[in-house]
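A.B. asks: missing the sequence, but the structure's below:
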């Protein structure tokens, strides 16, 4: 389905500190989701609804992200490398001059969703809101108070939903961006509410994951494995192994004489004589989640 909005920003500058030491070696944007780099999955889904004008900010391991995009994803992607972290609001503001007259979709690169984003866009256009945020019910961090499909407060002790990291904005949103380099998106949205403007709430009941911790990253793969088979990349070398449950084995990894159950092997990892379950392997070690 073709989108009525043609542009999107993908926030990809985060350092992935909660995933350390995995993200010591490569950025969270390239962390494989079922052997597809996270940012590639986002780009693919946006292009499926004909959003071709893409804007990506980078910071941590910026060159890796740039090289991947230029080699794998072709034209139509504008990359802004930050010399210092500018937070979510500052990351969006990188592209103010390019999008000053355009509505645009925002998608954090460390978010996985099975929501049809064309439905979010249609809802935004119907509501004629300055901003439409996608929300999920995530009791662990529910902090946004919503009534009658409108946001009332982003900092409520009685909050009933969680901002998903995905939103759609009308160009009038730029009026509320401060003249600063480092600020959060929530600062902008607080200003929108304070001025009496409507922020629409699109409630998604589809599967959603913020895979910012090893536990959540592993749980995402467990979910994916329930509807598709495990995957071994063609360039991976696997010999003398027993694989049980779900296992995702990344490109150019080597797994020898090992028994793995419900494991994720990241690209370039080397494993020999291991007997592990519920683990994530990376270049210089592994994380056990048992």
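C.D. replies: Cool, the structure landed. Keep in mind it's a predicted model, so treat the numbers as computed, not measured.

A.B. asks: C-alpha from now on. contacts and neighbour counts both.
C.D. replies: Will do.

A.B. asks: what residue of the chain is the furthest out?
C.D. replies: residue 240 (35.2 Å; C-alpha atoms, centre = their mean).

A.B. asks: Contact partners for it?
C.D. replies: Shown in contact with residue 240 (C-alpha atoms under 8 Å, 6 or more residues apart in numbering): 256-258.

A.B. asks: Out of these, list just those in helices.
C.D. replies: Among the contacts of residue 240, no member falls in helices (DSSP state H).

A.B. asks: Buried only: go through those residues for me.
C.D. replies: Buried members of the contacts of residue 240, scored by 16 or more other C-alpha atoms under 10 Å, are 256, 258.

A.B. asks: Now render the contacts of residue 240 as CSV, adding pLDDT.
C.D. replies: Listed next are those as CSV, based on pLDDT from 0 to 100:
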residue, pLDDT
256, 97
257, 98
258, 97
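
A.B. asks: Show me which of the contacts of residue 240 is closest to residue 27.
C.D. replies: Nearest to residue 27 among the contacts of residue 240 is residue 256, at 26.6 Å by C-alpha to C-alpha.

A.B. asks: ok, that closest one - contacts?
C.D. replies: Residues near residue 256 by C-alpha under 8 Å, 6+ apart: 237-241, 271-273.

A.B. asks: redo that, cut-off 7 Å
C.D. replies: Counting by C-alpha atoms under 7 Å, 6 or more residues apart in numbering, residue 256 touches 238-241, 271-273.

A.B. asks: got a winner among those for most neighbours?
C.D. replies: residue 271 (21 neighbours; other C-alpha atoms under 10 Å).

A.B. asks: per-residue confidence at residue 52?
C.D. replies: The per-residue pLDDT reported for residue 52 equals 87.

A.B. asks: residues contacting it?
C.D. replies: Contacts for residue 52 were tallied using C-alpha under 7 Å, 6+ apart; they are 6-7, 76.

A.B. asks: List only buried entries from those residues.
C.D. replies: Applying 16+ other C-alpha under 10 Å to the contacts of residue 52 flags 6-7 as buried.

A.B. asks: would a markdown table of the contacts of residue 52 with distance to residue 251 and pLDDT be doable?
C.D. replies: Shown next, in a markdown table, are these (distance: C-alpha to C-alpha, whole Å; pLDDT from 0 to 100):
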| residue | distance to residue 251 | pLDDT |
| --- | --- | --- |
| 6 | 33 | 93 |
| 7 | 31 | 96 |
| 76 | 26 | 76 |
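
A.B. asks: from the contacts of residue 52, which single one is nearest residue 185?
C.D. replies: Nearest member of the contacts of residue 52 to residue 185, counting by C-alpha to C-alpha, is residue 7, at 18.1 Å.

A.B. asks: List the beta-bridge partners for that closest one.
C.D. replies: residue 53 (DSSP bridges).

A.B. asks: give me every residue that touches it.
C.D. replies: Counting by C-alpha under 7 Å, 6+ apart, residue 7 touches 51-54, 104-105.

A.B. asks: Strands along the stretch 151-290 of the chain, start to end?
C.D. replies: Here the stretch 151-290 of the chain has its strands, by DSSP state E, counting those that start in this stretch, at 162-169, 199-203, 208-210, 231-232, 237-239, 242-249, 254-256, 259-265, 270-272, 275-277, 279-282, 285-288.

A.B. asks: Include distance to residue 190 when you put these into CSV, please.
C.D. replies: Listed next are the strands of the stretch 151-290 of the chain as CSV, based on distance: least, C-alpha to C-alpha, whole Å:
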stretch, distance to residue 190
strand 162-169, 14
strand 199-203, 10
strand 208-210, 23
strand 231-232, 43
strand 237-239, 51
strand 242-249, 41
strand 254-256, 49
strand 259-265, 39
strand 270-272, 47
strand 275-277, 45
strand 279-282, 38
strand 285-288, 38
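
A.B. asks: I'd like the contacts of residue 256 as CSV, with pLDDT and distance to residue 188 appended.
C.D. replies: Formatted as CSV, those follow (pLDDT from 0 to 100; distance: C-alpha to C-alpha, whole Å):
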residue, pLDDT, distance to residue 188
238, 97, 50
239, 97, 53
240, 96, 55
241, 96, 52
271, 96, 47
272, 96, 50
273, 97, 52
